[in-house]
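# requesting a structural model of the entry that follows:
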Amino acid sequence: MDGVAVKQVTSLTNPLVKAARGLHLRKAREESGTFLAEGLKIVTEAVDLGFRPKVLMFGPDARQHPVLVRIARLTAERGGEVVEVTRDILEKISRRDNPQTVISIFDQAIQPLDSLNTNAAACWVALNAVRDPGNLGTIIRTADSAGCGGVILVGECCDPFSVEAVRATMGSIFAVPLFRVSEAEFAAWRAGWPGAVIGTLLTATDDFRAAPYRAPNLIVMGNEQQGLSPEIARLCDVTVKIPMRGRADSLNLAVATGVMIYAIT
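From the prediction side, this is the model:
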């Protein structure tokens, strides 16, 4: 890596390694405002989208990879730290026996809700009290795939910057604007939404394929166990149902959200 200052770390007790391992904990992520992203592909996408790694860590097997060399140079130019670590350290940080050869630390990015431009996309997603990070990450990835404008986290949701959620986004964490608000803030803001606000309810009479949608559409989904709360359901001016024709009486939240997104987009 000619021209790039590369720091070498081999000790599992190094403060940088301890700090990176700590990012598996929500408290550490909230205090530092950072999170972990794993894999050369994801890190490359992030850098190409304008995100700067605070720390770019890589194993010896990746040192000569031409893409990594480019990313390392850009990281250093933007003021980030480039660090070569051992495989043992990669395993320790990722908590996996077969870790990615590249792991980076990034700053979290949450947008203020008043910056949301409703004209930027025909479909948006709001999630209330989602508990499962895998579901949340998959929904962010699906929203990205369908060209949704962003994802709004309402109330007590799990952390989109947890390692599990970031892994499930497959890099879409860097492409989809995220917003986080309380239920009261969301209720006040929703009053000015210019299109349809759509919720799924078992008691709804409209089939999701034939409802009166009106762009920009805001899909509001509840949590995995209870669905939409009565308070959030009252904020929806369109309610729909996804018919269950088999033995199962419900869909996984991420699947149901994906069905709704693609029905509208």
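# strands along the stretch 1-150 of the chain, start to end?
6-9, 34-38, 55-58, 81-85, 102-107, 123-128 (DSSP state E, counting those that start in this stretch).
# quick one: closest of those strands to Arg214.
Among those, strand 123-128 comes nearest to Arg214, with 11.4 Å by Cβ to Cβ. To be clear about C-beta, it is placed using only N, CA and C from the backbone, and glycine gets the same treatment.
# so which elements touch the closest one?
Using 3 or more Cβ pairs under 8 Å, 6 or more residues apart in numbering; DSSP states H and E, the elements in contact with strand 123-128 are helix 133-146, strand 151-154, helix 183-190, strand 217-221, helix 253-264.
# quick one: the residue nearest to Asp144 when sequence neighbours are not counted from Cys236, how far?
Distance criterion Cβ to Cβ, 6 or more residues apart in numbering; nearest residue to Asp144, sequence neighbours excluded, is Ser172 at 3.7 Å. Distance, Ser172 to Cys236, by Cβ to Cβ, to the nearest Å: 25 Å.
# equivalent analysis for Glu224, please.
Look at Glu224 and Cys236: by Cβ to Cβ, they are 19 Å apart.
# cool, and Pro60?
Taken as Cβ to Cβ, the span from Pro60 to Cys236 is 53 Å.
# and for Glu77?
47 Å.
# of those two, which one has the most company?
A direct count of neighbours by other Cβ atoms under 10 Å for Glu77 and Cys236 places Cys236 higher, at 21 against 11.
# low-confidence stretches in the stretch 151-265 of the chain?
Across the stretch 151-265 of the chain, nothing is flagged by pLDDT under 70.
# ok so, going back, the residue nearest to Asp144 reaches Ile140, doesn't it?
Yes. Using Cβ atoms under 8 Å, Ser172 is in contact with Ile140, at 5.1 Å.
# could you check which of these two is surrounded by more residues?
Remark: of Ser172 and Ile140, Ile140 carries more neighbours, 28 against 21, as counted by other Cβ under 10 Å.
# what does the closest residue to that one other than its chain neighbours show for phi and psi?
Among residues not flanking Ile140 along the chain, Thr169 sits closest, at 4.7 Å (Cβ to Cβ, 6+ apart). Main-chain dihedrals, Thr169, degrees, to the nearest 10: phi -70, psi -20.
# show residues contacting stretch 8-26.
When contacts are defined by Cβ atoms under 8 Å, 6 or more residues apart in numbering, stretch 8-26 is touched by residues 28-29, 32, 34-36, 55, 57, 83-86, 88-89, 92-93, 95, 103, 105, 159, 162-163.
# how about 10 Å then?
Here stretch 8-26 makes contact (Cβ atoms under 10 Å, 6 or more residues apart in numbering) with 7, 28-29, 31-32, 34-36, 55, 57, 60, 81, 83-86, 88-95, 103-105, 158-159, 161-164.
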